[in-house]
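> Make a model of this:
(chains A and B)
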Amino acid sequence: MLTGGRTRPGHDGLRVETPLAAVPAALSAPLRFEARRIVELCQRPHSLADLAAALKAPLGVVRVIVGDLLTDGHLRIEEQPDVLSIDLIERIRDRVRAL
Amino acid sequence: MSAPSDTAAPPIAVKIVISGGFGVGKTTFVGSISEIEPLITEAEMTERSLGLDDTSAVPGKTTTTVALDFGRITLDDTLLLYLFGTPGQDRFSFLWDDLVDGALGAIVLVDTRRIEDSFPAISYFEENEIPFIVGVNRFAGGLRFDLAEVRDALGIDDIVPIVECDARRRESVKDVLVALTEEILIRRSRPHH
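Numbering: from 1, shown residues only, chains lettered A, B, ... in the order given. Prediction:
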């Protein structure tokens, strides 16, 4: 995979579970290989972990490619709440119970 | 900065970490409830891992690949729950910070035949102030311990909940996850120390 030999991401602190979405123009960008595949997958939100599973690639490799796509504006991070509210934690509990 | 086409609320992803010693049942636990095939990998250039996976011509440097337990559960249209298993061997502990960052909480699984294997996980969550509960995984044929004895052996505070579970059973796994959310709600209601 093409990571230019880098092993550290350009976006430190991006969590493995945070949803990423492709911007509408990304599909027509001249992207190659895994970058293109990631943009296709991210037509619906996918996290780093989802992408690593789908591409059968190590997390660190996906992190580097995603970092470039974020820097170039092809992907955006779905903003997450800083602190999960009591309501949200109760919602998680109730939904798990109902599974 | 929401995209103009956005009408639905953006998805919220929450993460719970499943930890404990090697072979304690983390993979089984995650697999019992995940809606996807739980496997991702991480590869790192590591030093001082000679003789593990690779007899590289470069002494002292090798690429180590580790399989990580990973599960996803769609709770509703806008809420996703991810489960990540921490690598159960000390030599992969460099991956922990990355997996644990931002976690809602953690479950430390314990095998009563090898209680000491769960010490590193408990220390880690205590030191990093991550809410956790202990799940005693009952293996067929394993010795039965009183939960108070397990608590003593682990040396954990009375305040940390310990529950029994069977990682093979979905209902049991659900109960443990619910117990963790209850613990987090209780912690939220306590005054800060």
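
> which residues in the chain form strands?
Going with chain A. A:20-22, A:75-77 (DSSP state E).

> please go with chain B instead
For chain B, the strands defined by DSSP E cover B:12-20, B:40-47, B:61-68, B:70-76, B:79-85, B:105-110, B:132-137, B:162-165.

> Which of those strands sits closest to B:Lys26?
Comparison of the strands of chain B against B:Lys26 by C-beta to C-beta identifies strand B:79-85 as nearest, at 4.0 Å. Just so you know, the C-beta spots here come from the backbone N, C-alpha and C atoms, and that holds for glycine as well.

> is chain A contacted by that closest one?
Yes: applying C-beta under 8 Å from any C-beta of the partner chain, one finds strand B:79-85 touching chain A at B:Leu79, B:Leu80, B:Leu81, B:Tyr82, B:Phe84.

> among the residues you listed, who's most crowded?
B:Phe84 (26 neighbours; other C-beta atoms under 10 Å in any protein chain shown).

> Name the nearest residue to that residue, ignoring sequence neighbours.
Leaving aside its sequence neighbours, B:Phe84 sits nearest to B:Leu99 (C-beta to C-beta, 6 or more residues apart in numbering or on different chains; 4.8 Å).

> Identify the residues contacting that neighbour.
By C-beta atoms under 8 Å, 6 or more residues apart in numbering or on different chains, the residues touching B:Leu99 are A:Val16, B:Val17, B:Leu68, B:Phe84, B:Thr86.

> To what extent is the third one buried, counted in neighbours?
Other residues within reach of B:Leu68, judged by other C-beta under 10 Å, total 25.

> tell me the contacts of it?
Per C-beta under 8 Å, 6+ apart, neighbours of B:Leu68: A:Leu59, B:Leu39, B:Ile40, B:Thr41, B:Glu42, B:Phe84, B:Gly85, B:Pro87, B:Leu95, B:Leu99.

> Tell me the one of those residues nearest B:Arg144?
B:Gly85 (25.1 Å).

> partner residues bridging that closest one?
Using DSSP bridges, the beta-bridge partners of B:Gly85 come out as B:Ile18.

> so it makes contact with B:Val66?
No: between B:Gly85 and B:Val66 there is no contact under C-beta atoms under 8 Å: 10.6 Å.

> Between these two, which has more neighbouring residues?
Using other C-beta under 10 Å, the more surrounded residue of B:Gly85 and B:Val66 is B:Gly85, with 24 against 20.

> where are the low-confidence patches of the chain?
No chain in the question, so chain A it is. For chain A, the stretches flagged by pLDDT under 70 are A:1-12.

> that answer is for a different chain, and I need it for chain B
For chain B, the ranges with pLDDT under 70 are B:1-8, B:38, B:44-62, B:90-91, B:140-143, B:192-193.

> Check the gap between B:Thr112 and chain A for me.
26 Å (C-beta to the nearest C-beta, to the nearest Å).

> ranges for the helices of chain B?
Applying DSSP state H to chain B gives helices spanning B:26-33, B:96-100, B:119-127, B:147-154, B:170-189.

> Quick check: residues of chain A near chain B?
A:7, A:13, A:15-19, A:21, A:23-24, A:45, A:47, A:49-50, A:52-53, A:56-61, A:76, A:78-81, A:84, A:86, A:88-93, A:95-97, A:99.

> Just the ones of those in helices?
Using DSSP H, the subset of the residues of chain A next to chain B located in helices is A:49-50, A:52-53, A:59-61, A:86, A:88-93, A:95-97.

> picking that back up, with distance to B:Arg72 as added columns, please give the helices of chain B in JSON lines.
Below are the helices of chain B laid out as JSON lines (distance: least, C-beta to C-beta, whole Å):
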{"stretch": "helix B:26-33", "distance to B:Arg72": "10"}
{"stretch": "helix B:96-100", "distance to B:Arg72": "14"}
{"stretch": "helix B:119-127", "distance to B:Arg72": "22"}
{"stretch": "helix B:147-154", "distance to B:Arg72": "30"}
{"stretch": "helix B:170-189", "distance to B:Arg72": "13"}
